[in-house]
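Undergrad: please find the sequence and the predicted model below.
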Amino acid sequence: MDGRSAGTARPRGRGDSGRVRNGEATMTKGQKNSNSYSHTVGRRLRRRPGRDGGGREAEIITMAKVENQIEDTGTAVAGAPKTGEGAALPVLIMMLGRGRVGKTATATTLIQYYRSAGGQLQVWNADQQNETHSLSRFHMDALEPRPGSTFEDRKRWLEDRIQDQSRARFHALIDFPGGDSTVLKLAQETRLVRLLKRMGIRPVAVHVVGPEKADLDYLRHMAAADVFMPEATLIVLNGGLVQSGQSVDQSFAEIMTDSAVRDAVSKGAVVITMPALPCMSEIMDLGISFRDAADGRFEGDEELLSLFDRARTEIFLEEELPEALGGIPLAWTPAAKEA
């Protein structure tokens, strides 16, 4: 759903210079990786003047030094992955929450919106439980773990993707299964927010919730354990889950007054409401983009959406969505381009 007909095939190659396998780039014989960098300790080699003008010494770049310079300038130290002077950090958008709250629909909405605006980001699909409406169906370039991967396999796969992001400096969005514990486990083992900051990546936690109080359980657990509450935390109220005859304000009144939301907001979290699109489920079933739905571009000659639903989709895409997402700080989005 990124502006072209969707399909299930994912790219399997990257020309003759390298290969892509399950999201892992492998180098061919004799090929050098110009972005190689150790994320625990980096070394920058510099020329040390001497009698013969030769000789080099290794300057140790500790992670503390990386973190201090990121705090001061927003960029990593020389020798570490760079963002460019004054450039925004690459963002890692993590879709979190329990199942059946519209997490994947929200994820593909964000991807389409930012890509249509010129933003470039990788799509990582860690939700192997959702085959019908997974990101891999809507975005053919989505990377995903090998089928049948164990929990430890998926955790290692995520670590590899994040290290790729730190080296290559791109934006990314990852979708997890409902209630998944990968982020929680990784955060407990590595102090993930601090680690990502040291790697020059801005983590953005996106908690998608409906009107039920139980939809806040994941946010509440993360906050109570204090393991993954980055400064960039976005709480998305899914207006598509509001029952007919009720207003958004009425439906989410208890959510907005819950201590988990109030505490998160007091620490800098932002709350937005995702507008409802009555034909969202039909578009998701078709596996097409909002743009194609609004323009009536379907496979074959059959009209799969009525003119009324096409008009609703156009209003959602061009008016309601920009207004809703305009409340997100620019630095939290793929619109914050790298230099």
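TA: Arrived safely, thanks for sending.
Undergrad: and residue 175, what is it in contact with?
TA: Neighbour list for residue 175: 95, 103-104, 107, 124-127, 134-135 [criterion: C-beta atoms under 8 Å, 6 or more residues apart in numbering]. (Each C-beta comes from the backbone N, C-alpha and C, glycine too.)
Undergrad: what about those, which are in helices?
TA: 103-104, 107, 135 (DSSP state H).
Undergrad: nearest to residue 210, of these?
TA: Proximity of those to residue 210 (C-beta to C-beta) peaks at residue 103, which lies at 10.3 Å.
Undergrad: and residue 165, how close does it get to residue 223?
TA: The span separating residue 165 from residue 223 equals 25 Å under the rule C-beta to C-beta, to the nearest Å.
Undergrad: and if you look at residue 174?
TA: 20 Å.
Undergrad: looking only at neighbour counts, state which of these two leads.
TA: Using other C-beta atoms under 10 Å as the criterion, residue 174 and residue 223 rank with residue 174 on top: 25 against 20.
Undergrad: any idea which of the contacts of residue 175 the model trusts least?
TA: Lowest pLDDT within the contacts of residue 175 is found at residue 134 (87).
Undergrad: now do the contacts for it.
TA: Residue 134 neighbours (C-beta under 8 Å, 6+ apart): 104, 125, 127-128, 142, 175.
Undergrad: one more: residue 132?
TA: Neighbour list for residue 132: residue 285 [criterion: C-beta under 8 Å, 6+ apart].
Undergrad: tell me the phi and psi of it?
TA: Phi and psi for residue 132, reported as degrees, to the nearest 10, are phi -70, psi -50.
Undergrad: distance check, it against residue 125.
TA: Distance of residue 132 to residue 125, computed by C-beta to C-beta: 13 Å.
Undergrad: for residue 96, same thing?
TA: 15 Å.
Undergrad: quick one: low-confidence ranges for the protein?
TA: 1-87, 301, 336-339 (pLDDT under 70).
Undergrad: can I get whichever helix in it runs longest in PDB, CA atoms only?
TA: Determined from DSSP H, the single longest helix within the chain is helix 151-168. Output of helix 151-168 as PDB, limited to C-alpha atoms (Å, rounded to 0.1, in the frame of the first residue of the first chain):
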ATOM      1  CA  PHE A 151      11.300 -15.800  20.000                       C
ATOM      2  CA  GLU A 152      15.000 -15.700  20.300                       C
ATOM      3  CA  ASP A 153      15.400 -15.700  16.500                       C
ATOM      4  CA  ARG A 154      13.000 -12.800  16.200                       C
ATOM      5  CA  LYS A 155      14.800 -10.900  18.900                       C
ATOM      6  CA  ARG A 156      18.200 -11.400  17.200                       C
ATOM      7  CA  TRP A 157      16.600 -10.400  13.900                       C
ATOM      8  CA  LEU A 158      15.400  -7.100  15.400                       C
ATOM      9  CA  GLU A 159      18.900  -6.500  16.900                       C
ATOM     10  CA  ASP A 160      20.400  -7.000  13.400                       C
ATOM     11  CA  ARG A 161      17.900  -4.600  11.800                       C
ATOM     12  CA  ILE A 162      18.600  -1.900  14.400                       C
ATOM     13  CA  GLN A 163      22.300  -2.200  13.900                       C
ATOM     14  CA  ASP A 164      21.700  -1.800  10.100                       C
ATOM     15  CA  GLN A 165      19.800   1.300  10.900                       C
ATOM     16  CA  SER A 166      22.500   2.700  13.000                       C
ATOM     17  CA  ARG A 167      25.100   2.200  10.300                       C
ATOM     18  CA  ALA A 168      23.100   3.300   7.300                       C
END
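Undergrad: check which residues of stretch 218-227 are buried.
TA: By neighbour count with 16 or more other C-beta atoms under 10 Å, stretch 218-227 contains the buried residues 218-220, 222-223, 227.
Undergrad: how about the strands in the stretch 51-200 of the chain?
TA: Secondary structure of the stretch 51-200 of the chain, counting by DSSP state E, counting those that start in this stretch: strands at 56-62, 91-96, 121-125, 171-175.
Undergrad: how far out from the middle of the chain is the last one?
TA: I take that to be strand 171-175. Relative to the centre of its chain, strand 171-175 is centred 2 Å away, using C-alpha atoms, centre = their mean, to the nearest Å.
Undergrad: with only the CA atoms kept, save that strand in PDB.
TA: Provided in PDB are the C-alpha atoms of strand 171-175 (Å, rounded to 0.1, in the frame of the first residue of the first chain):
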ATOM      1  CA  HIS A 171      14.100   5.800   9.200                       C
ATOM      2  CA  ALA A 172      12.200   2.600  10.000                       C
ATOM      3  CA  LEU A 173       8.800   1.400  11.200                       C
ATOM      4  CA  ILE A 174       8.300  -2.000  12.800                       C
ATOM      5  CA  ASP A 175       5.000  -3.700  13.500                       C
END
